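*Asks:* Here is my input; please provide its structure:
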Amino acid sequence: MMEALVHREIACLKKSSTFPRDCQQGIFGGPGCYNPTHKAKLSVLQDFPKIYRYIAPQDKNISAGIIWHNDLHTENIFVDINNPSQVTSIIDWQCVPVYPMFLIAHHPSLIEYDGPRVNGFVKPELPKDLDSLDPNAKKNR
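*Replies:* This is a model prediction of the structure:
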């Protein structure tokens, strides 16, 4: 898998003399940023296969190629209207890569939580005054 990525990068390098960068790549997008020469990039690409087997994870469970949908969010996941816990379809597969899990796997933004930190698991309890609340107050609790 990684050898294929190296060969792809070398093929791109042979076809292009410039290396456009994604402006969102932190240190690579600012003024005076690192911009490798053709020779330096080719040297790294040729050296990488020599060391890769020593630094890559040996566990086949995380080094095997997997298909990873990297754009899961509520607009790309369809659920059964009568059973919202049942996924019926996932769309937007056109740019889904196959990479080793250790390079690509991450928590989808769909499950990111930005609320208050929860300390351990606490069983939820009904309010003690539940019986005395009017119906609207119960809905808001």
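*Asks:* what packs against the lengthiest helix in the chain?
*Replies:* Once the chain is assigned using DSSP state H, the helix that runs over the most residues is helix 38-55. Packing partners of helix 38-55 (3 or more Cβ pairs under 8 Å, 6 or more residues apart in numbering; DSSP states H and E): helix 2-15. Bear in mind the C-beta positions are built from the backbone N, C-alpha and C, glycine included.
*Asks:* What residues of the helix it packs on count as buried?
*Replies:* Buried residues in helix 2-15, defined by neighbour count with 16 or more other Cβ atoms under 10 Å: 2, 6.
*Asks:* Restrict the longest helix of the chain to CA atoms and write it as PDB.
*Replies:* What follows is helix 38-55, C-alpha atoms only, in PDB (Å, rounded to 0.1, in the frame of the first residue of the first chain):
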ATOM      1  CA  HIS A  38      12.400  18.700  -6.800                       C
ATOM      2  CA  LYS A  39      15.600  17.000  -5.800                       C
ATOM      3  CA  ALA A  40      14.800  17.000  -2.000                       C
ATOM      4  CA  LYS A  41      11.400  15.600  -2.500                       C
ATOM      5  CA  LEU A  42      12.600  12.900  -4.900                       C
ATOM      6  CA  SER A  43      15.300  12.000  -2.400                       C
ATOM      7  CA  VAL A  44      12.800  11.600   0.500                       C
ATOM      8  CA  LEU A  45      10.500   9.500  -1.700                       C
ATOM      9  CA  GLN A  46      13.400   7.200  -2.700                       C
ATOM     10  CA  ASP A  47      14.500   6.800   1.000                       C
ATOM     11  CA  PHE A  48      11.100   6.300   2.500                       C
ATOM     12  CA  PRO A  49      10.600   2.600   1.300                       C
ATOM     13  CA  LYS A  50      14.000   1.800   2.900                       C
ATOM     14  CA  ILE A  51      12.800   2.800   6.400                       C
ATOM     15  CA  TYR A  52       9.100   2.300   6.100                       C
ATOM     16  CA  ARG A  53       9.000  -1.400   7.300                       C
ATOM     17  CA  TYR A  54      10.900  -0.400  10.400                       C
ATOM     18  CA  ILE A  55       8.500   2.400  11.500                       C
END
